[in-house]
Each structure stands twice: as structure tokens, then as C-alpha cells.
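Undergrad: Quick check, what structure comes out for this input:
(chains A and B)
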Amino acid sequence: MCGIVGLFLKDKSMEAQLGAMLTDMLITMTDRGPDSAGIAIYSQDTLNIGKMTVQSDTPDVDFDKLTGDLKKRIKGDVDIRVQSTHAVLELRADQVIVAREALKEIRPNIRIMSTGDSLEIYKEVGLPKDVASRFDIAKMSGSHGIGHTRMATESAVTTMGAHPFNTGSDQCLVHNGSLSNHNSLRRKLRRDGVHIETENDTEVGAAYLTWKMQNGSTLGEALESSLEDLDGFFTFVVGTKDGFGVVRDPIACKPAVMAETDQYVAFGSEYRALVNLPGIQNARVWEPEPATVYFWKH
Amino acid sequence: MQTYDLSTGSLRELNATLHAQNENTNQTAWEIMNPRGAHAIACGLDSPIEVTVRGSTGYYSAGMNQQATVNIKGSAGPGVAENMMSGKVVIDGDASQYAGATGHGGLLVIKGNASSRCGISMKGINIVVHGSIGHMSAFMAQSGNLVVCGDAGEALGDSCYEARLFVRGTVKSLGADCEEKEMRPEHLEILRTLLAEGECNARPEEFKRYGSARTLYNFNIDNAY
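TA: Below you'll find the predicted structure:
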């Protein structure tokens, strides 16, 4: 099954509540997939500062003296915010790629959850309520965010197999369904130099969209072409720095409900996820059409 | 009128209470408050009671219904009125996928739109949709009537048997072995009755009828690989 939630705020005054609203929505979806959970939050974007969200199973060891070691390697400033097994590193935006390479050597056990100017991804094995409280998601603010609770089908239940997936700067994707041509597509993308970390089908979907956008497509166009090139079942919710998109495969057996008001656009695998949102009684509530791309931009 | 509030009571207790009503009950009218998209609300009823749900429901509401009348004053999630045997289910809003699937009898009225696979494998149920329906509706439909006042999506009536499909608007495409049929006086009469029961004021003359071309009934060696 899997459960997806998403929230794109139009009303800036709600940004402080983004984390709390997403957490509530995601916990409601727990029984759609209790294996692992994750949340992507698009928060404050500081000029010329890039962010890397990193994860370690032994944070006490790996995050200790990390800023000092990394500073030496990249010869630039690094700030760190540790949240349980995750840490958000802030550094000069043009040093993110160098830092990624440096981390492989100085902290080989660290995994990269996301990179970007405003995106932070937190994900772990466990129930949504436990994952959300471990990272204190409810206190986070932001302009938009996406959450996922997983019932694993295509790859193992691990932190790296949890959603959301980040395959390009500030891009993330969550998925309900299963892709059947992910192995051949992974080989093709890897041949074209696209970095794919895991054996997970969804990561291939995310990498495909990133690859399309690197080759000149807008997010909307990339989603359109996914309908041609991806085989299998999918309801995707994707985020970019200033955008939020939804697409379902032509069969559309994976559920999706959307709601829109003057204040927000919201997505839920089920209507249950949306019932606590402010003004939901008067929201336009609808089911996204099969093979149709929906996209909002700030 | 009995009122049950799902914000304070449990779904299991609600359904058990509704199941406990028999044909002689004097508690014939029930109102369910705060459904908040919960699953399986008013599922498996088997007595002539009237249940009004004040809000939108999740998966499988009013499934396996017999005798009861269930009115959802909002929209319904996937599988509403699945496998209905008798009685009536009315949805004031929209219905998600496979509404009325496999139903053997009774009447399902959807006042908004229904999404994909409406009436899939229907076996005698009557379905009246005031709006439009999605793709693969009435797939393998065996008997009963599907009335659509709006448009139908792709592959209507694919591999259907003897169900009657009436559509007022456009049909995006017909499924395998489904074809337009002549509208005879007896069909107009069936349609008139169903539209009246479904609280719809469309005129029967505005509809077209579709049904099985019956070319898949027998094995055809030319279809073998």
C-alpha cells in the first residue's frame, strides 16, 4: 500500500505550522504502511548557502568533530544541526559537491539523505509517530513538504529504502505503487552517468525525473514523459525548490485525494489524512485524474 | 432518530449496533456524525433501516448492503456499496474507484461523479450516476443497469455480458466486445424508472444504450495465440 501526504502552502502565515500539519497527516496514514517513514521539508533558503542532510547509524561517532574535519577538507565554513541520526550541514552552495566526495573518505558510514538550497529529508525505519518525534518534525517550518509511510514491496526495509528520495538538488519524490521496469531503466540511467544509490524502484523513478530535468525538461514535462517511460503502478508526489506536483499512472489503482483552498494545496492517499486541515469543509476536494499532471509553483 | 458520533464512539461498536437491528426494530433511523473518512462505515447491514452519514467516508462504506438505505452526505472512498445485495445507497458527493463493484442487487445512486471501474463485475445491481464515470467502468459487467447522465471514460463495458449501460454524454472509448445497441421502448421504460428512483430529471430519450456484442461468449480459435 504505502501512504503519502503532501502540503503546499500558499499562505505564508501558515509556514510555522507546516511540520505539525504534515506530522498529523502522516500519522493518520500509519496503517497504510508501518515499515518506515520519512518527511521532506522545504524550509528557509539562505542565499549562497547549500544544505546536506546526512544520516548515520552511529551518530555519536560520525557527527563528532565532523564540522572540523569537513572544514579542513573543503576549506570553507560548515555549520551542523544534529537531529537524532540525522544532521543538516550548511555550507557554501558551490561546495556541496566537493563536500559529498569528501564525506565518502572522512566518514564512510554517513549516508546522504538530501542536498539542496532549502530541502531537508528525514527518514528512518519505524512508525510515522516515532520517526516524526525522533526528528521533532512538528516544530519545523517551511513552505511545502511531503511525507511517506512505507509498506515495502520492491526492496528491503532500510533507511535508504525509505521515501522520500532525493536524486537532484532540491528535488524529492515519494511513491505509492511499484515500478516493473526499474532494473532496465536503472541500467540505462547509470550508463548516462546518473547516480543511483539503491536497488529500490522508486529511486529509479526519482532519478528518471532528475535526468529529464537535467536535460531541459520542466518538472511538468518530466512528469508527462514518466507516463510513457515508466511501467508499473504509481501515484507520485514530487517536490522542487518552489514547486509541488502529482501524477498517477493511467490505470490509477493507487488512491489519491487532493484538496485546495486559498491557503494551501494538500494531498493524501486517503481523505482521512486531510480531515484536520483548516477550512477542509469548504475546500475543493477531488480525486486526481489518471495520467494527468498536476503542478503548483510558488 | 438514533445518533452515533464517531469522534467519541468506535467504528466497530457502530457497525455491531447497526448489525444488531432486525426486521422488527423500532430504531429505524440512524445518523452517523463525524465519519472523517473512516473505512467500512455502515458495512454489512441486513435490516430495513435508514442510515444517514453526515460527511465523507473512506474505503468500503455500505459494503455488502442488504435491505438498508444508506445516504452519505459527502463523498465516498474506494469500493462504496461493493457487493450490495439489496437496499439503496445514495452518495450526495463523488465516489472513488470501483463503486458498486460486484453488486447483485439494490440501487446505488451517485449524485456527483464516480471515478474508475464503476460497476466493475456488476451482477444485477442498478447504478445511477448523475455526473460522469472514469475508465474501465462496467468491466465484465454481468447483469443489472448502469445509468450515466454525464460522460464515460475509456474502455466502457470491456468484456461485458448482459448488463445494460446507458450513457447520456460522450463515451471516450468502448472496451472489447462492447457496442452501441438499439434503444427499444422497453429500455426507455427501464431508464425512466431508474432515473425516477435515482432522483434524476434527465430524459430517457437523451441516452444511448451500450452492451455486449457477444463475440467473446464462445471460444474462437482465431483469438488463440
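Undergrad: can we go C-alpha only for contacts and neighbour counts from here?
TA: Noted.
Undergrad: Next one: the residue of the stretch 1-150 of chain A found nearest chain B from B:A76, what distance?
TA: Across the stretch 1-150 of chain A, no residue is closer to chain B than A:T28, which sits at 10.6 Å (C-alpha to the nearest C-alpha). Note on A:T28: its distance to B:A76, by C-alpha to C-alpha, to the nearest Å, is 18 Å.
Undergrad: out of the two, which sits in the more crowded spot?
TA: Between A:T28 and B:A76, counted using other C-alpha atoms under 10 Å in any protein chain shown, B:A76 has the larger neighbour count: 31 against 20.
Undergrad: Tell me which residues touch that one, please.
TA: By C-alpha atoms under 8 Å, 6 or more residues apart in numbering or on different chains, the residues touching B:A76 are B:37, B:56-59, B:61, B:91, B:93-96.
Undergrad: Just the ones of these in strands?
TA: Members of the contacts of B:A76 lying in strands (criterion: DSSP state E): B:I91.
Undergrad: TSV for the contacts of B:A76, including pLDDT and distance to chain A?
TA: Shown next, in TSV, are the contacts of B:A76 (pLDDT from 0 to 100; distance: C-alpha to the nearest C-alpha, whole Å):
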residue	pLDDT	distance to chain A
B:G37	97	5
B:S56	97	8
B:T57	98	8
B:G58	98	7
B:Y59	98	9
B:S61	98	13
B:I91	98	15
B:G93	98	10
B:D94	98	8
B:A95	98	9
B:S96	98	7
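Undergrad: ranking the contacts of B:A76 by neighbours, who comes first?
TA: In the contacts of B:A76, the most neighbours by other C-alpha under 10 Å go to B:A95, 32 neighbours.
Undergrad: Going by neighbour count, list what's buried in the longest helix seen in chain B.
TA: Determined from DSSP state H, the single longest helix within chain B is helix B:185-197. Neighbour counts over helix B:185-197 (16 or more other C-alpha atoms under 10 Å in any protein chain shown) mark B:188, B:191-192, B:194-195 as buried.
Undergrad: now, among those, which is nearest to A:L89?
TA: Comparing those against A:L89 with C-alpha to C-alpha picks out B:L195 as the nearest, at 63.9 Å.
Undergrad: OK, contacts around that closest one?
TA: B:128, B:201-202, B:204.
Undergrad: just the buried members of those residues?
TA: B:128, B:204.
Undergrad: What is the lowest-pLDDT residue among the contacts of B:L195?
TA: Lowest model confidence among those falls on B:N201, which carries 94.
Undergrad: Excluding chain neighbours, give the residue nearest to residue 178 in space.
TA: Defaulting to chain A. Counting by C-alpha to C-alpha, 6 or more residues apart in numbering or on different chains, A:F233 is the residue found nearest to A:S178 once chain neighbours are left out, at 5.2 Å.
Undergrad: um, chain B though
TA: Looking at B:C178 with C-alpha to C-alpha, 6+ apart, the closest residue is B:S212, at 4.7 Å.
Undergrad: Name all residues that make contact with that neighbour.
TA: Counting by C-alpha under 8 Å, 6+ apart, B:S212 has contacts B:157, B:159-163, B:177-179.
Undergrad: Now tabulate the contacts of B:A76 in CSV and tack on distance to A:E199.
TA: Formatted as CSV, the contacts of B:A76 follow (distance: C-alpha to C-alpha, whole Å):
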residue, distance to A:E199
B:G37, 35
B:S56, 39
B:T57, 37
B:G58, 33
B:Y59, 32
B:S61, 38
B:I91, 44
B:G93, 42
B:D94, 39
B:A95, 37
B:S96, 33
